[in-house]
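Chemist: I would like to see how this sequence folds:
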Amino acid sequence: MKILHLDTNHELLINQLNDLGFTNDEDYTASKEGIKARIHEYDGFIIRSRFSIDKTFLDAATNLKFIGRVGAGLENIDCDYAKSKGIHLISAPEGNRNAVGEHSLAMILSLFNKLNKADNEVRAGKWLREENRGLELDGKTVGLIGYGNMGKAFAKKLRGFDVTVLCYDIKDHIGDENAKQVSLTELQQYADVLSLHTPETPLTTNMIDDVFINQFTKPFWLINTARGKSVVTKDLVSALQSGKILGAGLDVLEYEKTSFENLFSSTMPEAFQYLIQAKNVLLTPHVAGWTLESKEKLAQTIVDKIKAKFC
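Modeler: Model prediction:
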């Protein structure tokens, strides 16, 4: 079987596939049209987020048996059409779930203790102790929306704290010793912190809007390490201004491209400008699952799944 690699990844990916007898070609620079012109030569290809895989691309891939996505989600692939053509889809949420769990926890602790604000003030010669009095996570209720690989990894990280962890998911009977599964209404009634761990789907796009936010009984903190389009940014800003949302940790943004182009290459929306200036907002560039360890684990997960299916 011949495999085309469209993005660079950990070297073990190609090395181990070579050892398994696969032929591996690499093309990290050609245009999508250039790749489409020769994709019929390959039995599989492996991609991260270089471009979207649509129907016309899949129609050109006449010999394709599988697509490997070195990441958690498959939203840059027309999954239904690929499956209708008998193409096996492989993703690797197991590879970066621990990284996402740690990043989510880091965001909460940083926001509660005003670490970024305090650090910037000390560097500017300001020694403000009372203004930087923090909050403790113990005693709080953390609500998770989405309880798959990422949500479960985060709930596991929270076991060292005296917190109540609630989870809501469209699937039934997935709560465990780390999180109690509840209705969305119950989660909104009790949560002090809301953390998103959902894929990008029609159900989750624009899910966090002003109506959703105002259904929470208490003011709450928002953490989003999932997908940026789940949150309507202008509604988030309104909630931050009113105090309904106390602070936000955002690793993903509504405005980012799936190909991870520079977010600052065009005029910034007004809501984004507010987030950049807000002291109770923590921003990172879609790196929650982006650690040295996860780079290796993501690649290993893809190899293991290809091996299990085709060897």
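Chemist: Now Lys180: which helix or strand?
Modeler: Element membership of Lys180 [criterion: DSSP states H and E] is strand 180-181.
Chemist: And the next helix or strand past that strand?
Modeler: Sequence order places helix 184-190 as the next helix or strand after strand 180-181, per DSSP H and E.
Chemist: how close does the residue nearest to Ile174 when sequence neighbours are not counted get to Leu246?
Modeler: The spatially closest residue to Ile174, leaving aside those adjacent along the chain, is Tyr147, at 5.2 Å (CB to CB, 6 or more residues apart in numbering). For glycine as for every other residue, the C-beta is placed from the backbone atoms N, C-alpha and C. Using CB to CB, to the nearest Å, one obtains 23 Å as the distance from Tyr147 to Leu246.
Chemist: more crowded one of those two?
Modeler: Here Tyr147 and Leu246 are set side by side on neighbour count (other CB atoms under 10 Å), and the busier one is Tyr147, at 25 against 18.
Chemist: pretty sure the more buried one is touching Asp169, no?
Modeler: Yes. Between Tyr147 and Asp169 a contact is recorded at 4.3 Å, counting by CB atoms under 8 Å.
Chemist: So which residues make contact with the strand holding Lys180?
Modeler: By CB atoms under 8 Å, 6 or more residues apart in numbering, the surrounding residues in contact with strand 180-181 are Tyr147, Thr164, Val165, Leu166, Cys167, Tyr168, Asp169, Asp172, His173, Ile174, Gly175.
Chemist: So what sits opposite the second one in the bridge?
Modeler: Right, Thr164. With DSSP bridges as the criterion, Thr164 is bridged to Thr141.
Chemist: just to revisit the earlier point, whichever of the contacts of strand 180-181 end up buried, select them in PyMOL.
Modeler: For the buried members of those, the matching PyMOL selection, counting by 16 or more other CB atoms under 10 Å, is:
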select buried, resi 147+164+165+166+167+168+169+175
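Chemist: Just the endpoints, please. Distance across stretch 130-148?
Modeler: Taking CA to CA, to the nearest Å as the measure, stretch 130-148 stretches 40 Å from start to finish.
Chemist: I misspoke; the intended subject was stretch 103-122.
Modeler: 24 Å.
Chemist: which of the residues in that stretch are buried?
Modeler: Buried positions in stretch 103-122, judged by neighbour count with 16+ other CB under 10 Å: 103-114, 117-118, 121.
Chemist: from the residues you listed, which two are the most distant?
Modeler: Pairwise distances among the buried residues of stretch 103-122 were taken by CB to CB; the largest, 25.1 Å, belongs to Ser104 and Glu121.
Chemist: Now Glu75. Nearest residue, chain neighbours left out?
Modeler: Nearest in space to Glu75, with sequence neighbours left out and distances taken as CB to CB, 6+ apart, is Glu200 at 4.4 Å.
Chemist: Next, the contact list for that neighbour, please.
Modeler: Taking CB under 8 Å, 6+ apart as the criterion, Glu200 is in contact with Gly73, Glu75, Ala226, Arg227, Lys229, Ser230.
Chemist: out of the residues you listed, which one sits closest to Asp209?
Modeler: Minimum distance to Asp209 across the contacts of Glu200 is 9.9 Å, recorded for Ser230 (CB to CB).
Chemist: Got phi/psi on the spatially most central residue of the chain?
Modeler: In the chain, the centroid-proximal residue (CA atoms, centre = their mean) is Ala226; its distance is 3.2 Å. Backbone geometry at Ala226, expressed as degrees, to the nearest 10, gives phi -100, psi -90.
Chemist: Any idea what the residue lying closest to it once chain neighbours are set aside is bridged to?
Modeler: Excluding its sequence neighbours, the residue lying closest to Ala226 (CB to CB, 6+ apart) is Leu196, at 4.3 Å. Under DSSP bridges, the beta-bridge partners of Leu196 are Ile145, Asn224.
Chemist: If you tally nearby residues, what's the number for Leu196?
Modeler: Neighbour count for Leu196, taken as other CB under 10 Å: 25.
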